[in-house]
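> next input, structure requested:
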Amino acid sequence: MSDTPELFDRLRRFPDVEAPNLFAVDAADRLILDEASDALAAAPAGTVVVIGDHYGALTAGVALVHGIAGVRGHQDPLTGELALANNARELGFSDAFTSHGLDEELLSGARVVLMQLPRSLAELAEIAQLIALHADPAVRVFAGGRDKHITPAMNKVLGESFSDVSASRGRQKSRVLKASEPKAEVVVTFPMAERLDEFDLDVVAHGAVFAGASLDIGTRLLLENLGKIAVDPLSDVIDLGCGSGILAAAIARKFPDVHVIATDQSSAAVASALATASANGVGDRVSGLRDDAVSSLPSASADLVLLNPPFHVGAAVHTGGALKMFEAAGRVLRPGGELWTVHNAHLGYREPLKAAVGPSEAMAKNAKFIVMKSVKPS
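Now for the predicted structure:
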């Protein structure tokens, strides 16, 4: 794979956050391609699947280095999908792959699956179950990641769907888990559902959703303070970074006349939010939008934005994602509209919120999180 160093040097993260400490390729990408080299050489066209390709390194390696056509891919984050498309146009392999949902169409007849290991065991379990159910019985899976993010539990999760699971030797603090021989009795257990009795809410979530079907601490604090919202008039609400859609469902039930857009760059999150809305009887007033920080919505189109922003970009602690979402909220809010944000108190987001939206004040606080209300000037 002598061509890969120059190839990887040309890859970009755009339109995702770009910074000197954020990269479009890592050592795990290189190791996955090396470990799968023999399997790729023997794979017929149309039988290679790539899952979780961060920015296109795996797909580029399969298409350009191994010369394989008909690659099928799935990336849960929209930014990764867009970055792959941009890199493919730049490097000239747009015709070599197609993008799909995490479903039978993606995996049917697959002989080789390359993937970056997700951080979530639930996400890994859902992917493994679907591969075992839909791929060719002779499928070989090469799932790689950085050593610091790989745990013995990942072997166990893969072992629930495959009879043969092993690990490669480590290289550059990375490793590849290899799985084959899918078990015949595997059933797909996702999406999962959980009842939140204290809030009278049913939550539905696919494996890739942050916190799954449970209620994370930050969302809980914001949920507990929805009663303080007094925007008038209130008709158009955005749950920005909706996750499982808990906030979207709760606000739709609290205000019977509002329409809520549950939006996230994660395809699993949007699907989960719509399922959660339906489970709580507000599916007719909650719509889903897979988007990069509401870039497709018109300016001044919302009265209220609810936001529990991420504090990671991929595996790196980085505020770029949150700041991007603050700016997006400021753009889509109408004059007099409000952004309600919950975030880690130590991050000190008051000034960025003020700059992106308008005057900001604390509305609630606990030992770890703070709820801020930011008002766009009229």
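> please, where are all the helices along the chain?
Assigned by DSSP state H, the chain shows helices spanning 4-9, 27-35, 37-42, 57-60, 78-91, 104-107, 121-134, 152-159, 217-224, 246-254, 267-279, 320-332, 350-356.
> among those helices, show the one with the smallest mean pLDDT.
When these are compared on mean pLDDT, helix 4-9 scores lowest, with a mean of 81.
> can you give me the neighbour number for residue 200?
Other residues lying near residue 200 total 10 when counted by other CB atoms under 10 Å. C-betas here are computed from N, CA, C, even on glycine.
> how close does it sit to residue 250?
Per CB to CB, to the nearest Å, residue 200 is found 9 Å from residue 250.
> please apply the same query to residue 64.
Residue 64 is 47 Å from residue 250, by CB to CB.
> more neighbours: which of the two?
residue 250 (24 against 17).
> hmm, that one is touching residue 196, no?
No: look at residue 250 against residue 196 with CB atoms under 8 Å: they stay out of range, at 9.6 Å.
> spit out the contact partners of the nearest residue to residue 236 once chain neighbours are set aside.
Closest residue to residue 236 apart from its sequence neighbours, by CB to CB, 6 or more residues apart in numbering: residue 302 at 4.8 Å. By CB atoms under 8 Å, 6 or more residues apart in numbering, the residues touching residue 302 are 236-238, 261, 332-334, 337.
> of these - the most surrounded one?
Highest neighbour count within the contacts of residue 302, by other CB under 10 Å: residue 238, with 29 neighbours.
> thought residue 224 was touching residue 364?
Yes: Residue 224 lies in contact with residue 364 (CB under 8 Å); the separation is 7.2 Å.
> need the winner for burial among the helices of the chain.
helix 57-60 (a mean of 27; mean count of other CB atoms under 10 Å).
> now that helix - C-alpha only, PDB.
Backbone C-alpha positions of helix 57-60 (Å, rounded to 0.1, in the frame of the first residue of the first chain) are rendered in PDB as follows:
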ATOM      1  CA  ALA A  57      -9.700   7.200   4.300                       C
ATOM      2  CA  LEU A  58     -11.000   3.700   4.300                       C
ATOM      3  CA  THR A  59     -13.200   4.200   1.200                       C
ATOM      4  CA  ALA A  60     -10.300   5.900  -0.600                       C
END
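> which residues belonging to stretch 138-155 are considered buried?
139-146, 150, 154 (16 or more other CB atoms under 10 Å).
> residue furthest from the geometric center of the protein?
residue 378 (34.4 Å; CA atoms, centre = their mean).
> ok, that one touching residue 337?
No: at 9.4 Å, residue 378 and residue 337 do not qualify as touching, with contact defined as CB under 8 Å.
> the nearest residue to residue 170 once chain neighbours are set aside: what's it in contact with?
In this structure, residue 170 finds its nearest non-sequential neighbour in residue 147, 6.1 Å apart by CB to CB, 6+ apart. Applying CB under 8 Å, 6+ apart, we find residue 147 in contact with 170, 173-175.
> now those residues: which count as buried?
Judged by 16+ other CB under 10 Å, buried ones among those: 174-175.
> tell me the one among the contacts of residue 147 nearest to residue 257.
residue 174 (52.2 Å; CB to CB).
> so what's that closest one up against?
Residues near residue 174 by CB under 8 Å, 6+ apart: 26-28, 30-31, 144-147.
> what's the separation between it and residue 10?
For residue 174, the distance to residue 10 - CB to CB - is 21 Å.
> over to residue 339?
In terms of CB to CB, residue 339 sits 38 Å off from residue 10.
> looking at the two, which is more packed in?
The residue with more neighbours, out of residue 339 and residue 10, is residue 339; 28 against 12, by other CB under 10 Å.
> residue contacts, that one?
By CB under 8 Å, 6+ apart, the neighbours of residue 339 are 304-305, 307, 326, 329-330, 333, 353, 357, 373-374, 376.
> mind redoing it with 10 Å?
Applying CB atoms under 10 Å, 6 or more residues apart in numbering, we find residue 339 in contact with 238, 240, 302, 304-307, 325-326, 328-330, 332-333, 353, 356-358, 360, 372-376.
> so what pLDDT did it get?
98.
> and if you look at the one 4 residues further on?
Per-residue pLDDT puts residue 343 at 94.
> isn't it up against residue 360?
No: Residue 343 is beyond contact range of residue 360, at 11.4 Å (criterion: CB atoms under 10 Å).
> show me whatever sits in contact with both of the two.
Contacts common to residue 343 and residue 360, judged by CB under 10 Å, 6+ apart, are 326, 349, 353, 372.
> can you show me the strands along the stretch 201-350 of the chain?
201-205, 236-240, 259-264, 286-290, 302-307, 312-313, 316-317, 333-344 (DSSP state E, counting those that start in this stretch).
> export those as CSV, with columns for distance to residue 211.
Output for the strands of the stretch 201-350 of the chain, formatted as CSV (distance: least, CB to CB, whole Å):
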stretch, distance to residue 211
strand 201-205, 8
strand 236-240, 15
strand 259-264, 13
strand 286-290, 18
strand 302-307, 15
strand 312-313, 13
strand 316-317, 18
strand 333-344, 13
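> please report phi then psi for residue 280.
Note on residue 280: its backbone torsions stand at phi -110, psi 10 [degrees, to the nearest 10].
> what sits against it?
Counting by CB under 10 Å, 6+ apart, residue 280 touches 199-204, 245-246, 248-250, 252-253, 286.
> 6 Å instead?
201-202, 249 (CB atoms under 6 Å, 6 or more residues apart in numbering).
> how near is it to residue 241?
To residue 241, residue 280 is 19 Å away according to CB to CB.
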